[in-house]
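>>> coordinates only, no sequence provided:
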C-alpha cells in the first residue's frame with residue numbers, strides 16, 4: 001500500500017472532523033493539493049466559511065499546496081475585506097446605492113493579490129492569514145498568529161503581527177529541501193522514504 005486514497009473525504013476511519021481538504025471544497029477559486037488536511041472541532045464544512053470576504057467579483061484565489069496541515073479556526077481574509085485607506089473616508093458608500101452608486105467611479109478598492117500556501121505547511125489553531133500573503137514550503141504558523149506579510153520557507157512564525165521565531169533548519173539544509181521538493185515525488189518514493197521524512201537527516205533522502 002502507498003498511503004491513503006487522495007479521493008477519500010475522511011481518511012481516518014470513524015472520524016469525520018478531519019478531511020482531505022480538496023474533497024470538500026466547492027469554490028473554484030480555492031485550490032488545494034493532495035494530502036492536505038483540515039481538522040475542525042465541529043464540522044469540516046466550516047473551512048469555506050473561514051475563507052472570509054471571498055467574493056466572485058474580486059477574482060482572487062486561495063492556493064494551498066500538498067501535505068499541509070490546517071487546524072480548526074484558521075481564517076483567510078481575502079481582498080473583499082479591503083477598504084480605501086488613502087481616501088478621506090474608508091466607508092464603502094457605493095455598495096449601498098440609492099444615489100451613492102457612483103462613489104467609486106474611476107477608483108478601485110485595494111487588491112493585495114492571492115493567498116499562496118506552500119507545501120508541507122502547518123498552520124496552528126485560530127491563526128489568521130491576510131490577503132496577498134505567501135507562506136513558503138515547510139513553514140509553521142503558531143496558534144493565534146496573524147500573518148500580514150510573507151513567510152520564508154521552513155521558518156516558524158508566531159504572534160500578532162506574525163514575526164519569525166526561528167528557522168527550522170540551517171540555510172544549507174533548507175536550500176537542499178527546496179531543491180528536493182519531496183512532495184512532488186511519486187507516492188511510491190515518498191512511501192519508501194517515510195522513515196527519512198520523519199527524521200532530520202536530509203542526506204538520507206533518496
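Good, I have the coordinates. The model shown is predicted, which means the values in this text are computed figures rather than measured ones. Numbering: from 1, shown residues only.
>>> how about the helices of the chain, start to end?
Ranges of helices in the chain, per DSSP state H, are 46-49, 171-180, 187-192, 194-197.
>>> tell me the buried residues in the third one?
Neighbour-count burial for helix 187-192, counted by 16 or more other C-beta atoms under 10 Å, picks out residue 190. Every C-beta, even on glycine, is put in place using the N, C-alpha and C of the backbone.
>>> circling back to that earlier point, which of the helices of the chain has the highest mean neighbour count?
helix 46-49 (a mean of 16; mean count of other C-beta atoms under 10 Å).
>>> so what sits opposite the residue nearest in space to the middle of the chain in the bridge?
By C-alpha atoms, centre = their mean, the chain has its centre lying nearest to residue 117, at 4.0 Å. Beta-bridge pairing of residue 117 under DSSP bridges involves residue 64, residue 135.
>>> for it, what are its contacts?
62-65, 68, 123, 129, 135 (C-beta atoms under 8 Å, 6 or more residues apart in numbering).
>>> now residue 151
133-136, 139, 141, 157, 162, 164.
>>> residue 138 contacts residue 176, doesn't it?
No. Using C-beta atoms under 8 Å, residue 138 makes no contact with residue 176, being 11.5 Å away.
>>> how close does residue 120 get to residue 162?
Note on residue 120: its distance to residue 162, by C-beta to C-beta, to the nearest Å, is 18 Å.
>>> and the residue nearest to residue 174 when sequence neighbours are not counted, what's its pLDDT?
Once flanking residues are discounted, residue 174 sits nearest to residue 154: 4.6 Å by C-beta to C-beta, 6 or more residues apart in numbering. Looking at residue 154, its pLDDT is 98.
>>> likewise for residue 185?
Looking at residue 185, the pLDDT reads 97.
>>> just give me the neighbour total for it.
Residues lying near residue 185 (other C-beta atoms under 10 Å) number 15.
>>> domains in this structure, by residue range?
18-85+111-168, 170-206 (automatic domain parsing).
>>> for residue 91, which of those domains is the nearest?
Of all these, it is domain 18-85+111-168 that lies closest to residue 91, at 7.6 Å by C-beta to C-beta.
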